[in-house]
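**Student:** below are the sequence and a predicted model; questions follow.
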Amino acid sequence: MQQIDMNSDEFQAELEKTWQFVEKVNKQFGFVQNPNDEVNEGVAMGLARNKLIYGKRYCPCFMVIGETKEEQKAADNRICPCKPALEKEIPEDGTCHCGIFCTPEYAEAQAQHDEIEEIVHEHSKGLTKEQAESLLKEEQLDGDELEALLEARTLGMINFTLMDVREYMEYQMGHIVGTDCLVPTSQFYAKIEEHSDKKYSPIIVYCHTGSRSFQVQHAMKSLGFEHVGNLRPGIIAYSGEIQRG
């Protein structure tokens, strides 16, 4: 395998050509680049590397199969912008597998998501109402995100139900401050009927590690609960206030 010196003039020249190629693709198809510059830089460098090694901008997110050019062509390796991205991934998901090409709508939503992530993970207080509402729509949440949502709820920006799905003994040993109800997984189908009036309002479920609550999340959706978020990986990853009893 040919070794590439990323600091060489040859690589830097090819990298510049790759950026020109990316701009051309964006203009041709109406795409925009990922709001995360690290994603774009990593993919661009991979494309430039593959161009120098193989003579084609093979997708850097997949292994290039085949030793010879004939074998590589027969293997139908992805060449950027690849057919699966143009025909399926971008139309359906808003971005290609590697993430460098995005629809404007996806890029805008991702930029907003990244902004919220930065706020909650730096423990900065000050989610806007719009940011809190957007975060509440996420299906999988970590401890920092739940803590930020609980603060936003206290401030009256949003409203949701926080549901513990562990057993009563576990709840007594310690539960998240702000928990609204206990629906033990062992009694799930009997107890969830008590909350049928919440089918159209946000609910966040949690357990010890996020496994039981993940199952409950999907069971609730099958029963018609429209939006259920899950704390992963559970209360063990929550650094906020815990209450015993």
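**Tutor:** Yep, it's here.
**Student:** when you work out contacts or count neighbours from here on, use the C-alpha atoms and nothing else.
**Tutor:** Fine.
**Student:** please report phi then psi for the residue nearest to Met163 when sequence neighbours are not counted.
**Tutor:** Leaving out its chain neighbours, the residue that sits closest to Met163 by CA to CA, 6 or more residues apart in numbering is Val205, at 4.7 Å. With angles defined as degrees, to the nearest 10, Val205 sits at phi -110, psi 150.
**Student:** on the C-terminal side of the lowest-mean-pLDDT helix or strand in the chain, identify the next helix or strand.
**Tutor:** Lowest mean confidence among the helices and strands of the chain (mean pLDDT, DSSP states H and E): helix 104-121, at a mean of 82. On the C-terminal side of helix 104-121, the closest following helix or strand by DSSP states H and E is helix 129-136.
**Student:** and the helices in the protein?
**Tutor:** With DSSP state H applied, the chain shows helices at 9-29, 37-54, 69-74, 83-84, 90-93, 104-121, 129-136, 143-154, 168-173, 188-191, 211-222, listed in chain order.
**Student:** out of these, point me to the one whose mean pLDDT is lowest.
**Tutor:** Of all the helices of the chain, the minimum mean pLDDT falls on helix 104-121 (a mean of 82).
**Student:** related to what we said a few turns ago, in the sheet, who's paired with the residue nearest to Met163?
**Tutor:** Bridge pairing for Val205 (DSSP bridges) gives the partners Met163, Asn230.
**Student:** please name the residues that touch the residue lying farthest from the centre of the chain.
**Tutor:** Counting by CA atoms, centre = their mean, the extreme residue of the chain relative to its mean C-alpha position is Glu70, 37.7 Å from that point. The neighbours of Glu70, taking CA atoms under 8 Å, 6 or more residues apart in numbering as the test, come to nothing; the list is empty.
**Student:** domains of this protein?
**Tutor:** Here the chain is described, according to automatic domain parsing, as comprising the domains 9-102, 110-239.
**Student:** distance to Gln3 added to the ones you listed, as JSON lines?
**Tutor:** Listed next are the domains of the chain as JSON lines, based on distance: least, CA to CA, whole Å:
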{"stretch": "domain 9-102", "distance to Gln3": "8"}
{"stretch": "domain 110-239", "distance to Gln3": "35"}
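**Student:** how confident was the prediction at Arg244?
**Tutor:** The predicted local confidence for Arg244 comes out at a pLDDT of 90.
**Student:** Pro202 now?
**Tutor:** For Pro202, pLDDT reads 98.
**Student:** with Ser124 instead?
**Tutor:** The pLDDT attached to Ser124 in the predicted structure is 47.
**Student:** one more: Cys98?
**Tutor:** We have a pLDDT of 89 for Cys98.
**Student:** surely it touches Val43?
**Tutor:** Yes: at 6.8 Å, Cys98 and Val43 qualify as touching, with contact defined as CA atoms under 8 Å.
**Student:** tell me, what's touching the two both at once?
**Tutor:** Taking CA under 8 Å, 6+ apart as the contact rule, Cys98 and Val43 both touch Pro60, Cys61.
**Student:** returning to what we had before: packing partners of the least confident helix or strand of the chain?
**Tutor:** Contacts defined by 3 or more CA pairs under 8 Å, 6 or more residues apart in numbering; DSSP states H and E place helix 104-121 against strand 32-33, helix 129-136, helix 143-154.
**Student:** show residues contacting it.
**Tutor:** In this structure, residues lying in contact with helix 104-121 by CA under 8 Å, 6+ apart are 31-36, 94-95, 125-127, 131, 134-135, 144-145, 148.
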